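Participant: please work out how this folds:
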Amino acid sequence: VSFAPLFCLPALTRASLFRHNMSSGVQCDPECLAEFEKMKIRSEYAFLIFKITDDKKSIVIDKKGTKGASFEEFCSQLEDGTCRYSVLDVQINTKSGATANKLIFISWSDDNASIKPKMLYASSKDALKKALTGINEEYQATDRGDLDYAEIQKKAGNV
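Facilitator: Model (predicted):
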């Protein structure tokens with residue numbers, strides 16, 4: 001077995017060797033970051049829901065949940081047969097017995113959505129997550145049964 005030096009490989013093979021994560025090229029709209037900062041710093045929203053535009057070029061805000069909006073209201077905004085990203089403000093109990101609020105990233109990819117949007121959302125998720133600094137936990141929901149507040153709280157660090 002002989003090993004050819006890297007520069008002797010065809011360009012396509014070299015490119016695939018260096019591709020660490022497949023990205024869709026979808027960009028995060030600056031408004032997403034501005035509204036997320038309002039949510040993070042000023043607690044202006046209970047949730048933010050993001051979508052990929054129809055031209056598949058950018059991630060924009062789809063819906064905003066006013067401060068104090070319920071978890072049921074959040075769930076009602078996630079349409080069946082669609083994919084969305086969201087950030088939810090979750091109240092948790094800490095180990096010390098205090099209550100705290102945590103922001104958690106929720107990826108909604110309904111089982112009934114077609115395969116193309118699911119693939120696009122899966123390959124574009126990291127672009128948004130990296131832009132939204134300060135979110136450490138992610139929760140994946142693929143059907144209504146997955147939208148369980150207690151489970152989401154647990155993922156966010158509830159004891």
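
Participant: with adjacent residues omitted, what lies nearest to the residue nearest the centre of the chain?
Facilitator: The centroid of the chain falls nearest to Tyr85 when counting by CA atoms, centre = their mean (4.2 Å). Closest residue in space to Tyr85, ignoring its immediate chain neighbours: Phe50 at 4.3 Å, by CB to CB, 6 or more residues apart in numbering. For glycine as for every other residue, the C-beta is placed from the backbone atoms N, C-alpha and C.

Participant: that neighbour: neighbour count?
Facilitator: Phe50 is flanked by 23 other residues according to other CB atoms under 10 Å.

Participant: contact partners of stretch 144-152?
Facilitator: With contacts defined as CB atoms under 8 Å, 6 or more residues apart in numbering, stretch 144-152 is touched by 71, 75, 78, 80, 88, 90, 104, 106, 139-141, 158.

Participant: only C-alpha atoms, please: export it in PDB.
Facilitator: Extracted in PDB, the C-alpha atoms of stretch 144-152 (Å, rounded to 0.1, in the frame of the first residue of the first chain):
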ATOM      1  CA  ARG A 144     -46.100  17.300  20.200                       C
ATOM      2  CA  GLY A 145     -45.300  14.700  22.900                       C
ATOM      3  CA  ASP A 146     -41.700  15.900  23.000                       C
ATOM      4  CA  LEU A 147     -42.900  19.400  24.000                       C
ATOM      5  CA  ASP A 148     -42.900  18.500  27.700                       C
ATOM      6  CA  TYR A 149     -42.100  21.500  30.000                       C
ATOM      7  CA  ALA A 150     -40.800  19.300  32.800                       C
ATOM      8  CA  GLU A 151     -38.400  17.500  30.400                       C
ATOM      9  CA  ILE A 152     -37.200  20.900  29.000                       C
END
